[in-house]
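Asker: Have a look; sequence and predicted model below, questions after that.
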Amino acid sequence: MSRIGKQPIPIPSGVDVTIDGLSVTIKGKNGELHREVHPDMRVVLDHGEIVVTRPSDRPNHRALHGLTRSLLANMVIGVETGFKKTLEMHGVGYRVQLLGKNIQLAVGFSHPVDVEAPNGITFEIEGNDRIIISGSDKEQVGQIAAEIRHVRPPEPYKGKGIRYEGEHVRRKAGKAGKAMMQ
């Protein structure tokens, strides 16, 4: 049996779970999340815990078992505490501004880049080179962080660009031919 899938998901106080066939809705202090589960997976509410079961030991059912359990656990964590991703900007003149709930990036282009905050996502700015993306949906927080990073990914020669907090950028040596010719 799947090691992840067989673990029940405890429901903390203040979180309300509604299971209606294949539809699972979880409400908490940070909002409400909804997901349709795969028809082969069975989700039940049992003594304050969510339990996911699978019909057989086929490889696709084993994979779906752990996936479904992880997605539902992330929903519970999201509505209770939420998720955060932090991006750092490295480069001369690279900065970010908060404009209402949206942000504006200056990352070396001839124009500023505007990023709109979708529903459920909030941006915070630390200094003028750190962006904190927070929300209750883990997938959405990660997707928005990836889209912002994609505006100017870190380059390997000088390390300039937008990167995740703690991300290590592997550096390359620059041109070596010029020093040899002198």
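Answerer: Everything's here; your move.

Asker: so where do the strands sit in this protein?
Answerer: Under the criterion DSSP state E, the chain contains strands at 9-10, 16-20, 23-28, 31-36, 42-46, 49-53, 83-90, 95-99, 102-106, 113-115, 121-126, 130-135, 161-164.

Asker: Next, format these as a markdown table and append distance to residue 66, mean pLDDT and mean neighbour count.
Answerer: The C-beta positions use only the backbone N, C-alpha and C, and glycine is treated the same way. Output for the strands of the chain, formatted as a markdown table (distance: least, C-beta to C-beta, whole Å; pLDDT from 0 to 100; neighbours: other C-beta atoms under 10 Å):
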| stretch | distance to residue 66 | mean pLDDT | mean neighbour count |
| --- | --- | --- | --- |
| strand 9-10 | 12 | 94 | 16 |
| strand 16-20 | 19 | 93 | 13 |
| strand 23-28 | 16 | 94 | 18 |
| strand 31-36 | 15 | 94 | 15 |
| strand 42-46 | 14 | 92 | 14 |
| strand 49-53 | 9 | 93 | 19 |
| strand 83-90 | 20 | 96 | 18 |
| strand 95-99 | 37 | 94 | 16 |
| strand 102-106 | 35 | 94 | 17 |
| strand 113-115 | 33 | 95 | 15 |
| strand 121-126 | 27 | 95 | 15 |
| strand 130-135 | 24 | 96 | 19 |
| strand 161-164 | 25 | 95 | 19 |
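
Asker: what sits against the residue most central in space within the chain?
Answerer: Nearest to the geometric centre of the chain sits residue 142, at 2.3 Å (C-alpha atoms, centre = their mean). Contacts here follow C-beta atoms under 8 Å, 6 or more residues apart in numbering; on that basis residue 142 touches 83, 85.

Asker: Next, find the distance separating it from residue 154.
Answerer: 18 Å (C-beta to C-beta, to the nearest Å).

Asker: Over to residue 104?
Answerer: Distance of residue 104 to residue 154, computed by C-beta to C-beta: 20 Å.

Asker: what does residue 42 give?
Answerer: 44 Å.

Asker: likewise residue 95?
Answerer: For residue 95 relative to residue 154 (C-beta to C-beta), the value is 16 Å.

Asker: Also residue 113?
Answerer: Counting by C-beta to C-beta, the separation of residue 113 from residue 154 is 16 Å.

Asker: And residue 103, by the same measure?
Answerer: Distance from residue 103 to residue 154, by C-beta to C-beta: 18 Å.

Asker: One more: residue 146?
Answerer: Relative to residue 154, and taking C-beta to C-beta, residue 146 is found at 13 Å.

Asker: The two - which one has more neighbours?
Answerer: residue 154 (21 against 13; other C-beta atoms under 10 Å).

Asker: Look up the closest residue to that one, ignoring the ones flanking it.
Answerer: residue 161 (3.6 Å; C-beta to C-beta, 6 or more residues apart in numbering).
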